[in-house]
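Peer 1: have a look; sequence and predicted model below, questions after that.
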Amino acid sequence: MKFVTQLKGEDTWEEITLEECLFKTETAGFYIPGTVQKMLEDGLAVDTPWSIFKKAE
């Protein structure tokens, strides 16, 4: 499964690994550990103050 990220205010999406995504969301303290992967797999967007993460289409 592939994931993408976008900086808020930008128009382009960049591919990112699951590990990078988890580091920038859960390890950074924005989400409870163990929640982000399930959200992404369910097709939800994960939002932080600076970026958006989602499953690649």
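Peer 2: Ah, there it is. The shown structure was predicted, so the numbers you read here are calculated from the model rather than taken from an experiment. Residues are numbered from 1 along each chain as shown.

Peer 1: does residue 48 really touch residue 23, like I thought?
Peer 2: No. With contact defined as Cβ atoms under 8 Å, residue 48 does not reach residue 23; the gap is 11.5 Å. (C-beta placed from N, C-alpha, C; glycine too.)

Peer 1: more crowded one of these two?
Peer 2: Per other Cβ atoms under 10 Å, whichever of residue 48 and residue 23 has more neighbours is residue 48, with 15 against 12.

Peer 1: with adjacent residues omitted, what lies nearest to the more buried one?
Peer 2: Nearest residue to residue 48, sequence neighbours excluded (Cβ to Cβ, 6 or more residues apart in numbering): residue 30, at 4.8 Å.

Peer 1: ramachandran angles for that neighbour?
Peer 2: For residue 30, the backbone dihedrals are phi -80, psi -30 (criterion: degrees, to the nearest 10).

Peer 1: can you read off the pLDDT for residue 24?
Peer 2: We note a pLDDT of 97 for residue 24 in this prediction.

Peer 1: next: residue 42.
Peer 2: pLDDT at residue 42 comes out at 96.

Peer 1: what of residue 57?
Peer 2: 85.

Peer 1: relative to residue 45, how far out is it?
Peer 2: Using Cβ to Cβ, to the nearest Å, residue 57 is found at 12 Å from residue 45.
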